[in-house]
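# My questions are about this predicted structure, shown below with the sequence.
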Amino acid sequence: MRRRAFLSGAGSAGALALAGCLTQGGGGGEPSGTLTVATYESFVDSPSSSPGGWIKQNFEAEYDDVTVEYVTPENGVTNYVQRKQQGAPVEADVYVGLNVDDLVTIDATLGDDTRLFRELDRDFVSNAEHLRPELEFGDPKSRVLPYDTGYISLVYDEEAVDEPATFDDLTSPAYEGTLLAQNAQSADSGQAFLLWTINEFGADGYLDYWRDLQANDVRILGSWWDAYSAYLESERPMVVSYSTDQVFANEDDLPMSRHRIGFLEDQGYANPEGMAVVEDSGNVDLATDFLNFMLRGETQAEIAVQNVQFPAVTDDQVDLDDSFAQYAHRPPEAVSFGYEELEGNLSGWVDEWARTIASN
Amino acid sequence: MAELTLEGVSVSYGDAVALSDVHLDVADGEFFTLVGPSGCGKTTTLRSIAGFETPDTGELRFGGREMTGVPPEERDVGVVFQNYALFPHMSVAENIGYGLRFHPVDDPEARVAELLSLVDLDGFGDRDPTELSGGQQQRVSLARALAPEPDVLLLDEPMSALDARLREELRREVRRIQTDLGITTVYVTHDQEEALAVSDRVAVMHDGRVEQVGTPREVYHEPASRFVASFVGENNLFDGERVDGGVRVDGTTFTVDGLDAAGRDTGGHATLCVRPEHLRRDAAENRFALTVEQSEFLGEATRVHCDWDGRTVVWRTDRRVPERGAAVTLGFAPEHGRLL
Amino acid sequence: MSRREWTGLSADRTLRSLAVAATVVTAGVLLLVLYFPVGLVFAEAFGGSRPLDSFASTLTDPFYTGVLAELFARPFAVGVHLDNVGSWFAGVSVGPGGVDTPPLSKGLFGFTAYQAVLSTLASVAIGLPGAYVLANYEFRGRRTLRSLTIVPFVLPGIMVASGFYAAFGQAGLLNDVLALVGVGPQRLIETNPLFVVILAHAFYNAPLVARVATAAWESVDYRAVETARSLGATRRRAFRDVVLPQLTPAIATGALLTFLFTFLTFPIVLAIGGLELATVEVWVYYQLTEVLAFEEAATLAVLETAISLGVTYAYLRYESAQRAANPGEGPPREPLFGRASDAAGSWLARSRVVGALDARRLAIAGYTLVVVVLFVGPLGAMVLEGLTDGSGLTLRHYEFLLQRQASGASFQTKPLPAIRNSLVFGVATVAVALPMGLVVSVASTGEGRWRSLLETATMLPFAVSGIVFGIGLLRGLVFGISLPGGWRFVITGGVAIVAAHAVAAYPFVVRNVAPQLAGVDPRLVESARSLGASRVRAFLDVELRLAATGLVAGAAFAFAISIGEFDSTVILASDVAGDTVTYTMPVAVERYLGRRFGPAMAMGTVLLVVTAVSFVVVDRLGGRVERG
């Protein structure tokens, strides 16, 4: 951990008394025994299950003098982007939980000169060779390794609607007033679904499709939670969600008939999650070891089950429970945009879309 | 106890002049009244004495002690306001005892009881102020102001909110208490009758200035200005031309004794003042003919409004009054006429 | 009365230095925790090469300003605009179905204001009868109910949204009840999402209106009503001529606050209404936290704040013209239940009185039904969510809370620290916000236009987007201020959270206290001073005592703001690694939202109960203070 100087409030004058601490950043300290892993809340603190505890325990077991410390910055990685913008220190060694669009935002905001994450030398991450190629971020600077993925799909109530098979189904009268989606501005699932439609209809056609969807009375709520809770309350029979939905339904004894997975066009939009080493890290070697540990078959299985996502490595590397395979469905075909496609386009696509939906 | 001196005190709010070069001397133990119409500066004067206003210029002394810049709490003044200004969250006794927190006495409770008794409110100590009548509240306010034994008592229109009978009763009581205690008192009122009734001396104020200072008799009988003449008591004012031995008003010449408007040249402008009660039908001199217009029976006398060539003349008599429209000839003794 | 031992100047000097210290601290806190962070974000709006370009492009964008965009684009083309107005009116047609008007594009700002106005009207319409009942009738639990009016205020949006789905959704409680009386299911949220969003806003704000109006109603000078009635005014007329004028300032206060809160509304709109009903704040959030487009976000936020402050200024001008009513004792409360009148003479007279009263009680019963549906429904649904899972009733979500408390890892969120932090921060917030509010109230007593301007400035925390405030704190305090020598001045953790809460809460203290202070007869203070009290002492002995009810009301709101605050709490709490945890109950609720309702709703129920109990206690204590 970085050398920190705390001045206690008592005795020091003025605003310092209010504040608590002065920190001195800068100079890289000698590698210490603490690996600070920045991630999102539910990776370490989900009420159902989260892989954070297992990872900490097992990594520490392997590296005797190492302590894994989790931090969960509010607003995720954009918090660190802003830190970089302001010249404030990023006090983490590894970031776990990046999406491709995060990487695009990082580069669009910070430019080429300010680097938040390091370029990785994959030679030191031996397990990276087992990664599924379709999950790679396509990062030109090679900073990120995927560690798991979810697939966006529809979840529907088969007692209320037939299985939706194509995008065009959703704009047909049979599905009028049935779909709950999310705001692509603020929800990952919403953004993924939007990108899926762009993948299907192209940048020129997706807005027309969405106008049709709107005419067919789609409801676009704020967060995944907003939409999913409306779905759980039977407000509508279909919701944009994840293809692992039945895992939770199973745990909660909910009827499977209300948790059917619909892969439109036999596709699902892959939303891989990645990890990277922080540029300012004083523990680059340890951090790189951690990334390798994360891609180990055993860890991948654990992450898959605890985080309820699919492993990022090929199936032969992971030994998963039958029950996982039974309830977590992988789409016949995974689609997704890589870095190159999103770069320079993403915020424009989302903004045009949101203005189309919200114009009043 | 102390005498009180104001020298050249002026107060203004932006462009508006509230007080202009006021000089006053109040003697130790004197009951001194500031009287004048609203906006004349009397309340501003009182507030300057209390320290609630900071004069722009001038000096203010209590018994020779310079008071400029001294905050109100260090001036040892007691103030009674028109609206009583009792602390609504304190009982009557707590109100009266409040000043004793800052002016400790050996037995505060006894002192409060003594004051309650002084204002004739024995046994009211535990009441809430709101439970009392207006007159009672004003007595509490007086007792509260007196409790710390101030050097100067300042009363700002204390009777204005009370009905006429209560007002008279209370003002006699205030005067009695003031005389008993011998406390220097400055009393502000717009009611000239009240001012004349209670005061040792009166200062008549107008437009931020002191027009005249004197005993009630002096200001009544010898008004120094047209304003004082018309404000204090009722008066008939006739504008005319100064002639030898008197004044000529529209061809009628009136003789005035002593020619108190001395120094004025013959031929100059002069105003004649005659009090309504000095006009008499049986007067031998200064007679002029009028027409009776309206009369008001006041009990001990009748006030008659007459017309004299387009001027309204007020005449006060305890005799029988001619009927409306009747002609009447009135006159007055030269010693009762006064020239301004 | 005991003899006072300390009378001298030394005590006064202490008081004076205390007052000076409070002023300095207040100014410091406001500067550091409000103006600096918010200014940091707002400054981004002026960051372009031509500083006002971003405003020009926003104002002339029909997406944001609707039909007004053209007006902003060509402000002097009066003829064109008049033609447009003319052709709009030409398009109005009156048919059998009513008046048809051509569509009028409101734009994002227009719609945001529109829904805020509707929400305000709804909140007043629902809150005012509540104030009437609470102030005019006596019944068991009246005081408790009055205390509980603040509870909805602290609930996280996600709880309220899911409570609304559970209560008013297709398969919700309301439809279950309607089915019992043979009415088919109502697709309320589906058919009119705007209506339900407005109801949700009323859920938050109607109790606020009720609370403010009840306090005013309880201090209406009822002797004036008696006078009016003795002069021949009917009961209704006396209400209109005497009671209503004394209530309007409070109603206006409630309406203003509701407008400000709903104008800056965000999660609840998206959760229930969806993106089609998006408000400006949705765009602020997206640009500020997702794509980091600070210039655009700050431009929108500055415009939002300008509008909010404009409305606030107009209100304060109005309020300063209203001031001065003497506080009275309020109406005599009649029993809500039981015989209406034994005193009425003849049978006929009595039956008429009883008849009239019963009509009023019937109306109250109807109103109660509305309240039960609107408030008890969603609240009950929330509680129920915490007690059910797929297979019916269960305690497993509470078991989860206990288990998390007992064996959660150090980096996981536990219930007890959340409860403890909420309460500690709440009390500390009251302790900071009260003196702050007092200082600001005193500073803003003056006259006329300047006072309104100053008071408007003090309302800034209500007029600033919560997201802007949060991001400002993040960039200004959490990231730290760069100092020479590679040092950074960083403020996070409990102290910062309390400071942020106090900044968010003190306007409530000001709004409750300032009018009362302004209403104190200056002669009372002058009397005290002439009796020997220093200015500070007179303030403490007289003004402060007479503003006690306002202080208590302000304290309750400050406590509620602290308990319910989320935006800045989560930012200041999340960046603290390890040792001391600073998350609060609403933060815990949000963190327990995994893939399931249950744990979050169980935690939400804990929040609900802790808050409710706190307020009953606070109000009881406060009542004691008020009675002196």
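Structure received.
# what residues are up against the residue in the stretch 1-150 of chain B that chain A sits nearest to?
Across the stretch 1-150 of chain B, the shortest distance to chain A (Cβ to the nearest Cβ) belongs to B:P71, at 31.2 Å. Placement of C-beta: from N, CA and C, glycine included. Applying Cβ atoms under 8 Å, 6 or more residues apart in numbering or on different chains to B:P71 gives the contacts B:51, C:529, C:534-535.
# most surrounded residue in those?
Most neighbours among the contacts of B:P71, by other Cβ atoms under 10 Å in any protein chain shown: C:R529, with 25 neighbours.
# part of a helix, is C:I561?
Yes - assessed by DSSP: H, G, I helix; E, B strand; the rest coil, C:I561 belongs to a helix.
# Could you find the closest non-adjacent residue to it?
Distances taken as Cβ to Cβ, 6 or more residues apart in numbering or on different chains place C:A505 nearest to C:I561, at 4.0 Å, with adjacent residues excluded.
# I'd like to know how many residues surround that neighbour.
Neighbour number of C:A505 under other Cβ under 10 Å is 28.
# host element of it?
For C:A505, the host element (DSSP states H and E) is helix C:493-519.
# Closest to chain A out of the contacts of B:P71?
Distances from chain A to the contacts of B:P71, taken by Cβ to the nearest Cβ, are shortest for C:R535, at 27.0 Å.
# thinking again about what came up before, check whether the following helix or strand past the helix holding C:A505 contacts chain B.
Using DSSP H and E, the helix or strand that follows helix C:493-519 towards the C-terminus is helix C:522-530. Yes - contact of helix C:522-530 with chain B (Cβ under 8 Å from any Cβ of the partner chain) involves C:523-524, C:526-530.
# Same question for stretch C:533-544.
Yes - judged by Cβ under 8 Å from any Cβ, stretch C:533-544 and chain B are in contact via C:533-535, C:541-542.
# buried residues in that stretch?
C:533-544 (16 or more other Cβ atoms under 10 Å in any protein chain shown).
# Out of the residues of helix C:522-530 next to chain B, which is nearest to B:G14?
Proximity of the residues of helix C:522-530 next to chain B to B:G14 (Cβ to Cβ) peaks at C:E526, which lies at 21.7 Å.
# can you pull the contacts of the residue nearest to that closest one when sequence neighbours are not counted?
Distances taken as Cβ to Cβ, 6+ apart place B:F52 nearest to C:E526, at 5.3 Å, with adjacent residues excluded. Applying Cβ under 8 Å, 6+ apart, we find B:F52 in contact with B:72, C:526, C:529.
# In a markdown table, list those along with distance to C:S57 and pLDDT.
Below are the contacts of B:F52 laid out as a markdown table (distance: Cβ to Cβ, whole Å; pLDDT from 0 to 100):
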| residue | distance to C:S57 | pLDDT |
| --- | --- | --- |
| B:P72 | 59 | 90 |
| C:E526 | 56 | 93 |
| C:R529 | 57 | 93 |
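# one step back: so the residue nearest to C:E526 versus B:E157, what's the distance?
15 Å (Cβ to Cβ, to the nearest Å).
# Next: C:V442.
29 Å.
# now, which of the buried residues of stretch C:533-544 sits nearest C:T214?
Closest approach to C:T214 among these (Cβ to Cβ): C:L544, at 23.1 Å.
# and the closest one, that one's in a strand?
No - counting by three-state DSSP, C:L544 is not part of a strand but helix.
# Which pLDDT value belongs to residue 244?
Just so you know, I chose chain A. You'll see A:T244 listed with a pLDDT of 93.
# not quite, I wanted chain C
Listed pLDDT for C:L244 reads 85.
# With C:R627 instead?
51.
# May I have the residues that are in contact with residue 132?
I went with chain A, as the question did not name one. Contacts of A:R132 (Cβ under 8 Å, 6+ apart): A:146, A:312-314.
# that's the wrong chain, I meant chain C
Going by Cβ under 8 Å, 6+ apart, C:Y132 touches C:W217.
# Can you classify it as helix, strand or coil?
Here C:Y132 is recorded as helix under three-state DSSP.
# and what of C:Y313?
helix.
# Would you mind measuring from the residue nearest to A:L295 when sequence neighbours are not counted to chain B?
The shortest distance from A:L295 to any non-neighbouring residue, by Cβ to Cβ, 6+ apart, is to A:N127 (3.6 Å). For A:N127, the distance to chain B equals 76 Å [Cβ to the nearest Cβ, to the nearest Å].
# Around A:N127, how many other residues sit close by?
A:N127 has 20 nearby residues by other Cβ under 10 Å.
# domain assignment for the chain?
Just so you know, I chose chain A. A:1-28, A:29-149+A:272-328, A:151-270+A:341-358 (automatic domain parsing).
# could you do chain B instead?
Taken from automatic domain parsing, chain B resolves into B:4-227, B:234-339.
# now do the same end-to-end measure for the shortest one.
Spelled out, that is domain B:234-339. 16 Å (Cα to Cα, to the nearest Å).
# Now residue 139: which helix or strand?
Unless you meant another one, I'm taking chain A. Counting by DSSP H and E, A:D139 is part of no helix or strand.
# actually chain B
helix B:134-146.
# what's that helix in contact with?
Contacts of helix B:134-146 (Cβ under 8 Å, 6+ apart): B:78-81, B:84-86, B:92, B:95-96, B:98-99, B:115-116, B:118-121, B:124, B:129, B:132, B:153-154, B:158-159, B:161-162, B:166, B:169-170, B:173-174, B:177, B:181, B:183, C:527, C:530-531.
# Quick check: buried residues in it?
Those would be B:135-146, for helix B:134-146 by 16+ other Cβ under 10 Å.
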